[in-house]
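Student: What follows is a predicted structure for the sequence shown.
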Amino acid sequence: MRGAKSAKWVAGAALIALAATACGGGSDSGKGKDDSGTGAVNANGIFSVEVGEPQNPLQPANTMESNGSIVTDAIFSQLVDYDPAGKLVMVNAESVDTKDSKLWTVKLKKDWKFHDGTPVTAESYVKAWNWAANIKNAQTNASWFADIKGFADVHPEDEKAKPKADAMSGLKVVDDYTFTIELNNPLPYFSYKLGYTVFSPLPESFYADPKAAGEKPVGNGAYKFVSWDHKKQIKVVRYDDYKGPDKAKNGGVIFKNYTTLETAYEDLKSGNVDVLRQIAPKDLPVYRSDLGDRAVDKPYSAIQTLGVAMYTKQWKNTDPKVLQGLSMAIDRDTITKTVLQGTREPATGWVAKGVLGYQPNVAGDVTTYNPTKAKALIKEGGGVPGNKIYIQFNADGGHKEWVEAVCNSITQATGVACAGDSKADFQADLNARDAKQVKSFYRGGWVLDYPVNANFISDLFRTGAAGNNGFFSNKDLDKKIAAADSAATLDESVKGYQEIEKELVNFMPTIPLWYYKVNAGYSEKVQNVQYAQDGDPILTQVQVKK
Amino acid sequence: MGRYVARRLLQMIPVFIGTTLLIFLMVYTLPGDPVRGLFGDKGADPATLAAMRHQLGLDQPILQQYWNYMTGIVLHFDFGNQIASGRPVTDVLGDAFPVTLRLAGMAFLIEIVLGIGLGMVAGLRAGRLADNAVLVVTLLIISIPVFVLGFIVKSVFAFQLGWIEPNVSGEAKWDELIAPAIVLGSLSLAYVARLTRTTMAENLRSDYMRTAVAKGLPKRRIVGVHLMRNSLIPVVTFLGTDLGALMGGAVVTEGLFNVKGIGGTIYESIVRREGTTLVGLVTVLVLVYLFMSLLVDLLYAVLDPRIRYA
């Protein structure tokens, strides 16, 4: 059997050689010069960004997931936008005014044009919003118009009812460049919502064939659509007549399609793609040394929580003290540092950073690790019913590791048995949440839609809110939310929500875990790559080097 | 012969219906709703959900949906639209199939040339050094999982030596596909080599070979016509079904090298519960399998005239 023996040797040697090369390949390319400084810039240079194939046609009211929205945001500009501090900036609007937070007057800048040359008028907005809100057009983001008077007429709540009207009575065109929005109720932060993609204007050509327009969008934004080669790339170029404050500092963007983050990272290292939005877990331990100054590590406005299934036997009549105790049994510091490799930051409240009204340490010591107090609180609250908890998560999202770590932390600190409840994928996970089949906790995540704390409270904890997957309901809190919504000014509303956030600790509708961070990187070809509150790179600011 | 082909073609109809119905039912029973999935964590608005379901015909009973879908395919060659993007499935297939066909074709070619070549070398020198070497190499390839092999190829040839780009670009050019084709074809290559080797070694000892040698025929003719023709029957059987397997089984390889083909589309359709896309894909794959196995059966007669069709 000499042959077999030598075969074993060959195989062994080959494997060792490969393991060595696999490691060497990574660190070598990181030794390049780190110059994030100011090289000569090519103002017409085109760079590429990693994305996946957008799920939906590129219609602004229909794009919810990140692969599509990064593209629609490049092509469409809205009335307003935010600066990194969360302050409102006028974009297509000259002004957005209100006296009572109920009737809003929007004045448009006059010289704006769509990419097909037609002017952007009040009609472009009003018609687009009416179209998007209409149930007949089944746009996924239609419910964003629900604040506007007359929404129920075009989008009846009953699943079988037909719309009574074609237009919302709350939208009125005053003249070519002025229109008014009347809301059902006062909403001091409504102007902030207007920065969301769904409130984009649409050119007249859109209505002739909305489906075709979704394949070849014509917008009013900083970039003009060029081509969409499905599953390969989407190309946009700078729109030279753009009048907004965020004029592109580069010639255009190619959104390159990648199936996995790993392949995108490899392409970044070999110079085939310029900007990444995320680094795969596999590459997190090495990406800082690989990329040097071009590695990005920055918080953005998103939070991960353990949602409490309030309808279960376990939590229905259980003292919130038990939940407080469980929260204190989670060693957030250690888990974010070790299991999550520093890609998250321990949360100290329910509102993420970078949002108007964010307050640090609002949950008090409930989010600090303290096994003794955790045990005491659980005992005081009458113990965990069944003495066993489950954390539901989707197995396709890379959550298994931290769920296990959280479970271990809880069990070690309090003796409460804990197990992960894995669902095959995100679809199955959502299904269980909607069908009220969550056993005790579910993994929840929330990225900001608009930078006001209401977005993290009203949209998650109000009775019947779409994002309220734990079906938490508290009449008192609902009243306070309603009061904060109808406050006279934005400041008062934000303050109202800050008060509500302080109270959440008494109810524990969710257990805050950690805030997200952008862990990304960019190539040597580009500079000035920054990331916005929603975690996406700010495309217009990117400069391409000569 | 003609009757045989006709009968085989008729047999395809129940197979075709059975497989598509099975796939349709399987997707339907998976937990999770494609329309709800579009909304994610943010939660869905029930009226919009219902409107979208209605537009897509998802509110009808499953068998009704299946019937509508199949009549669409058979009568109008209409595979329906993707749920999320609204793109016709024929477009999606039209994008994905040429790429995978190219990849599978190259893998197939590598498999035939190298596989049969190695098998011949080993079979003609059974028991000697060359045979052992082939045995070792094929054993190695068979025992390494595809994703490990892909990772090895990438890290050595792309990152270490810099000979190839690590990933395939959008255009999927021929030269970019060489590395993934080698990875994809390698497993089957090993099987083809072993199959060829075994049947050749066996046939070398058969009577007609001895006769051929005794007649004093030239070596080329003995090996090329007498030996190869008989030895290739099991190999051809394997190759025939393997082309289908290459197209469907490219999920891992395509994912590794960022190839935008059938494999990735199948995976994505399952994750997104895109029943129509999935059934469309599988339908085409089933057809590929059916025609390949028919072709294989017909090829038998060319290789071995003793085989008759009834």
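Tutor: Arrived safely. Numbering: from 1, shown residues only, chains lettered A, B, ... in the order given.

Student: Skip the chain neighbours and tell me the closest residue to B:Asp93.
Tutor: Just so we're on the same page, residue B:93 is Leu rather than Asp. Closest residue to B:Leu93 apart from its sequence neighbours, by CB to CB, 6 or more residues apart in numbering or on different chains: B:Gly280 at 5.9 Å. (Each C-beta comes from the backbone N, C-alpha and C, glycine too.)

Student: And A:Gln359, by the same measure?
Tutor: Using CB to CB, 6+ apart, the nearest residue to A:Gln359 is A:Gln498, at 5.8 Å.

Student: repeat for A:Glu262
Tutor: In space, not counting the residues next to it along the chain, A:Glu262 is nearest to A:Ala280; the distance is 4.6 Å by CB to CB, 6+ apart.

Student: burial count for that neighbour?
Tutor: A:Ala280: 17 surrounding residues under other CB atoms under 10 Å in any protein chain shown.

Student: Where does the prediction get shaky in the stretch 151-300 of chain B?
Tutor: Residue ranges of the stretch 151-300 of chain B with pLDDT under 70: B:170, B:249.

Student: So which residue is dead centre in chain A?
Tutor: What sits nearest the mean C-alpha location of chain A, by CA atoms, centre = their mean, is A:Val447, with 3.2 Å.

Student: check which helix or strand covers the residue nearest to that one when sequence neighbours are not counted.
Tutor: Nearest in space to A:Val447, with sequence neighbours left out and distances taken as CB to CB, 6+ apart, is A:Ala302 at 4.1 Å. Element membership for A:Ala302, per DSSP states H and E: strand A:295-308.

Student: next structured bit after that strand?
Tutor: helix A:313-316.

Student: Ends of stretch B:198-214, what's the gap?
Tutor: This stretch, stretch B:198-214, spans 23 Å end to end (CA to CA, to the nearest Å).

Student: One more: stretch A:103-123?
Tutor: 18 Å.

Student: if I look at A:Gly150, how far off is A:Asp425?
Tutor: To A:Asp425, A:Gly150 is 39 Å away according to CB to CB, to the nearest Å.

Student: Report the contact partners of A:Tyr516.
Tutor: Under the criterion of CB atoms under 8 Å, 6 or more residues apart in numbering or on different chains, the neighbours of A:Tyr516 are A:Pro299, A:Tyr300, A:Ala302, A:Ile303, A:Gln304, A:Thr343, A:Arg344, A:Ala352, A:Gly445, A:Val447, A:Gly535.

Student: Am I right that it is in a helix?
Tutor: No - counting by DSSP: H, G, I helix; E, B strand; the rest coil, one finds A:Tyr516 to be strand, located in no helix.

Student: What's opposite it in the beta bridge?
Tutor: Taking DSSP bridges as the rule, A:Tyr516 bridges to A:Arg344.

Student: Would you quantify the distance from it to chain B?
Tutor: 13 Å (CB to the nearest CB, to the nearest Å).

Student: for the strand or helix carrying A:Ala428, packing partners?
Tutor: Assigned by DSSP H and E, A:Ala428 falls within helix A:426-434. Counting contacts by 3 or more CB pairs under 8 Å, 6 or more residues apart in numbering or on different chains; DSSP states H and E, helix A:426-434 packs against strand A:388-394, strand A:417-423, strand A:441-447, helix B:34-37.

Student: Check which residues of the first one are buried.
Tutor: For strand A:388-394, burial by neighbour count (16 or more other CB atoms under 10 Å in any protein chain shown) applies to A:Ile389, A:Tyr390, A:Ile391, A:Gln392, A:Phe393, A:Asn394.

Student: Format the CA atom coordinates belonging to the very next helix or strand once past that strand as CSV.
Tutor: Counting by DSSP H and E, the next helix or strand C-terminal to strand A:388-394 is helix A:400-414. Output in CSV follows, covering the C-alpha atoms of helix A:400-414 (Å, rounded to 0.1, in the frame of the first residue of the first chain):
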residue,chain,number,x,y,z
LYS,A,400,-27.4,32.7,15.4
GLU,A,401,-24.1,33.5,17.1
TRP,A,402,-25.2,36.5,19.1
VAL,A,403,-28.6,35.0,19.9
GLU,A,404,-26.7,32.1,21.5
ALA,A,405,-24.4,34.5,23.3
VAL,A,406,-27.4,36.4,24.7
CYS,A,407,-29.0,33.2,25.8
ASN,A,408,-25.8,32.0,27.5
SER,A,409,-25.5,35.4,29.2
ILE,A,410,-29.0,35.2,30.5
THR,A,411,-28.8,31.6,31.7
GLN,A,412,-25.5,32.1,33.4
ALA,A,413,-26.6,35.3,35.2
THR,A,414,-30.1,34.2,36.2
